[in-house]
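Participant: Here's my sequence, what's the structure:
(2 chains)
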Amino acid sequence: EVQLVESGGGLVKPGGSLRLSCAASGFTFSSYSMNWVRQAPGRGLEWVSSISSSSNYIYYADSVKGRFTISRDNAKNSLYLQMNGLRAEDTAVYYCARPPSSGSYYVDYWGQGTLVTVSS
Amino acid sequence: QSALTQPASVSGSPGQSITISCTGTSSDVGGYNYVSWYQQHPGKAPKLMIYEVSNRPSGVSNRFSGSKSGNTASLTISGLQAEDEADYYCSSYTRSSTPYVFGTGTKVTVL
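Facilitator: As a prediction, the model looks like this:
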């Protein structure tokens, strides 16, 4: 069974940093690209970042470019999101999400999400 | 990259059919057959309902169907049921610096 479990969320002050993790199981992690998607309270979904299976291709939303860094450790079946220079508008539930295969532009598995709150 | 445009809300009575639109541009919805739809109940993670415009994943009811015309994609829910009350989001591949864009979301209410 495919499982994606996010962790690392919490309360952080504006300008602070946080590192999110996503532990993957039930599939060959190293064969799949991965994504982070977020949802601010009461708002819609926003794609944040994507990383290819071997980390060769990385993309960021303009809203986080230069502040967030996506990475992965295929040996540990884990996906990460390093978030620096956090702002109030980064407050959201962050989901780890997997597409079904390379070349697919949709997501078939989602984690349960981890809440990041940026507030003084 | 701007979000795709969806109506804020759509409602219908049990048994009726409703359609949710998702309008983009020729750089996203209109240019590729990579439109997907997600259902999200309160406090839950999104669930894939339609992929690549009109394909249903295994386990998704055939009451859900997708289509596209020009720069607008649509999700139709037929035989509306109480359990269909949720938020729905479209998404598309986009020819820009970022590969994905989501729609603004539509709240479906079953009257």
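Participant: Count the residues that sit near residue A:42.
Facilitator: 5 (other Cβ atoms under 10 Å in any protein chain shown). Yep, even glycine has a C-beta here, placed from its N, CA and C like the rest.
Participant: separation between it and chain B?
Facilitator: 10 Å (Cβ to the nearest Cβ, to the nearest Å).
Participant: Could you do residue A:36 as well?
Facilitator: 11 Å.
Participant: That residue is in what secondary structure piece?
Facilitator: When elements are defined using DSSP states H and E, residue A:36 is found to belong to strand A:34-39.
Participant: elements contacting that strand?
Facilitator: strand A:18-25, strand A:45-51, strand A:78-83, strand A:92-98 (3 or more Cβ pairs under 8 Å, 6 or more residues apart in numbering or on different chains; DSSP states H and E).
Participant: Quick one: residues contacting the residue nearest the centre of chain A.
Facilitator: By Cα atoms, centre = their mean, the mean C-alpha position of chain A lies nearest to residue A:36, the distance being 2.8 Å. Residue A:36 makes contact with A:20, A:22, A:47-50, A:70, A:79, A:81, A:94-97 under the criterion Cβ atoms under 8 Å, 6 or more residues apart in numbering or on different chains.
Participant: just to revisit the earlier point, quick one: distance of the strand holding residue A:36 to the chain centre.
Facilitator: Distance, stretch centre to chain centre, for strand A:34-39: 4 Å (Cα atoms, centre = their mean, to the nearest Å).
Participant: For that strand, output the C-alpha coordinates as PDB.
Facilitator: The C-alpha trace of strand A:34-39 is given here as PDB (Å, rounded to 0.1, in the frame of the first residue of the first chain):
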ATOM      1  CA  MET A  34       7.600  13.900  -6.200                       C
ATOM      2  CA  ASN A  35       5.800  17.100  -5.400                       C
ATOM      3  CA  TRP A  36       4.900  19.500  -2.600                       C
ATOM      4  CA  VAL A  37       1.400  21.100  -2.700                       C
ATOM      5  CA  ARG A  38       0.100  23.500  -0.100                       C
ATOM      6  CA  GLN A  39      -3.200  24.800   1.100                       C
END
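Participant: mind listing what's buried in it?
Facilitator: A:34, A:35, A:36, A:37, A:38, A:39 (16 or more other Cβ atoms under 10 Å in any protein chain shown).
Participant: I'd assumed residue A:93 was in contact with the fifth one.
Facilitator: So that's residue A:38. Yes - under the criterion of Cβ atoms under 8 Å, residue A:38 makes contact with residue A:93 at 6.6 Å.
Participant: quick one: common contacting residues for those two?
Facilitator: residue A:116.
Participant: And for residue A:6, the neighbour number?
Facilitator: Neighbours around residue A:6, by other Cβ under 10 Å: 22.
Participant: isn't there a helix covering it?
Facilitator: No - assessed by DSSP: H, G, I helix; E, B strand; the rest coil, residue A:6 does not belong to a helix; its assignment is strand.
Participant: Appreciated, that's everything.
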